[in-house]
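K.L.:
I would like the atomic coordinates for the input below:
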Amino acid sequence: RIGLQLRATLENITRLRAEGEDFRWYLKLKCGNCGEVSEKWQYLRLMDSAPLKGGRGSATMVQKCKLCSRENSIDILSQTIKPYNAEDSEKFKTIVEFECRGLEPVDFQPQAGFAAEGAESGTPFNDINLLEKDWNDYDEKTKESVGIYEVTHKFVKC
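P.N.:
Okay, the predicted model is just below:
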């Protein structure tokens with residue numbers, strides 16, 4: 001199991017989270033057998049499922065390594081998806097875990113589909129795009145600027 005940890009500076013914002021079954025986790029994946037890393041960003045979604053060879057169930061993504069032809073899989077563990085809250089600001093926190101069978105995430109690119117709310121007001125902010133690692137808006141209820149800044153990540157073994 002590998003956890004994706006996020007760190008960001010939150011301004012008047014809390015409950016930053018990956019929203020919905022169709023949220024796309026953009027990853028670069030490495031084959032655990034030969035070490036080949038995908039050139040392109042690949043995404044995983046909770047709503048996706050592929051059968052494993054030999055009827056051993058299913059996984060979020062099953063793919064054959066282009067280099068060594070080994071069948072590898074990776075699963076999003078839905079019960080591990082957690083929001084990043086105001087009190088987590090500027091600290092690393094695990095926001096999701098992946099069950100890795102031969103595929104290991106080596107890079108993460110936050111994109112669209114995040115949601116959050118105003119820390120004081122509860123004002124919802126939807127479809128936040130973190131591709132630029134920074135996002136800001138204005139909370140009409142509190143007449144304050146809100147923002148998510150300096151988004152970074154790391155992977156940890158769970």
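K.L.:
Tell me who's in contact with the residue positioned nearest the centre of the chain.
P.N.:
In the chain, the residue lying closest to the centroid (CA atoms, centre = their mean) is Trp25, at 4.5 Å. Shown in contact with Trp25 (CB atoms under 8 Å, 6 or more residues apart in numbering): Leu4, Ala18, Tyr43, Leu44, Arg45, Ile76, Val96, Phe108. No exception for glycine: its C-beta is placed from N, CA and C like everyone else's.
K.L.:
From these, pick the one nearest Gly35.
P.N.:
For the contacts of Trp25, the residue nearest Gly35 by CB to CB is Phe108; the value is 18.7 Å.
K.L.:
contact partners of the helix or strand harbouring the closest one?
P.N.:
Take DSSP states H and E as the rule and Phe108 turns out to sit in strand 103-109. Contacting residues not belonging to strand 103-109 are listed as 2, 4, 25-32, 37, 41, 61, 63, 72-74, 98, 131, 153, 155 [CB under 8 Å, 6+ apart].
K.L.:
ditto for stretch 139-153
P.N.:
4-13, 16, 108, 110, 116, 118-121, 123, 125, 128, 130, 133-138.
K.L.:
Buried only: go through the residues you listed for me.
P.N.:
Among those, those classed as buried by 16 or more other CB atoms under 10 Å are 4-8, 10, 12-13, 16, 108, 110, 116, 118-119, 123, 125, 128, 130, 135, 137.
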